[in-house]
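[1] Predicted structure and sequence below. I'll ask about it afterward.
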Amino acid sequence: MAYRQTRNQEASIIDALKVNFAADWSNVNIEMTFARVYEISLPTLCVRLGNVSHSSVEIGTESTKRSSQLLIDIFADNDGQLRDLVDYTVEKIKAGFVYYDYVITSGVVDSKTANGRISVKKPIEITYINFDDNKNNLDTHDRYRSLISAEISIGKAEA
């Protein structure tokens, strides 16, 4: 079985971020499932795609170009760590990512083949999450949170 484009994009971004964080940080979790974030230790990044739009490539065909909303939620232990993680993550996503096609066998990645590039369009937006409550009243995962969002595309026409 092979992933389709949305899952390929998510997996490509997660793989790239894991490599970067493993080289420069220690003990940063990177997940794709938001609910799983609350089951693991901090700090954690949750990478997912939000809204997706398809724009016509040319008149008379059904071909489209896909643009997706990249969402990276950052959950940290404290405010300083949060700001450092946000800055580091933005630095790493600016250049984009290699886009891979993944082949899955029995739920495990069997192979991945580079097939283009994911471009990150500007602006990259950062939203610091504030629940307007005493941080001690919040779940530890919600005390120091941020959301990075940007539009991404692989720039290829889809039939």
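    Yep, that arrived.

[2] Now do the contacts for the residue nearest the centre of the chain.
    A centroid search over the chain (Cα atoms, centre = their mean) returns residue 47, at 3.2 Å, as the residue closest to the centre. Neighbouring residues of residue 47 by Cβ atoms under 8 Å, 6 or more residues apart in numbering: 10, 13, 14, 17, 30, 31, 32, 70, 71, 72. Any C-beta I mention is one placed from the backbone N, CA and C, and that applies to glycine too.

[3] Can you name the next helix or strand after the strand or helix carrying the fifth one?
    Which is residue 30. Assessed by DSSP states H and E, residue 30 sits inside strand 29-31. Once strand 29-31 ends, the next helix or strand along the chain (criterion: DSSP H and E) is helix 34-37.

[4] in what helix or strand does the residue nearest to the centre of the chain lie?
    Residue 47 belongs to strand 44-56, assigned by DSSP H and E.

[5] Show residues contacting the strand ranked longest in the chain.
    Determined from DSSP state E, the single longest strand within the chain is strand 108-129. Contacts to strand 108-129, defined as Cβ under 8 Å, 6+ apart, come from residues 9, 11-13, 15, 67, 70, 82, 86, 90, 93-104, 142, 145-156.

[6] Next, count neighbours for the residue nearest to residue 118 when sequence neighbours are not counted.
    Counting by Cβ to Cβ, 6 or more residues apart in numbering, residue 118 lies nearest to residue 97, which is 4.4 Å off, once chain neighbours are set aside. Counted with other Cβ atoms under 10 Å, the neighbours of residue 97 add up to 22.

[7] Roughly how far does residue 34 sit from residue 60?
    Counting by Cβ to Cβ, to the nearest Å, the gap from residue 34 to residue 60 is 40 Å.

[8] These two: who's more crowded?
    Each of residue 34 and residue 60 has its neighbours counted (other Cβ under 10 Å); residue 34 has more, 11 against 6.
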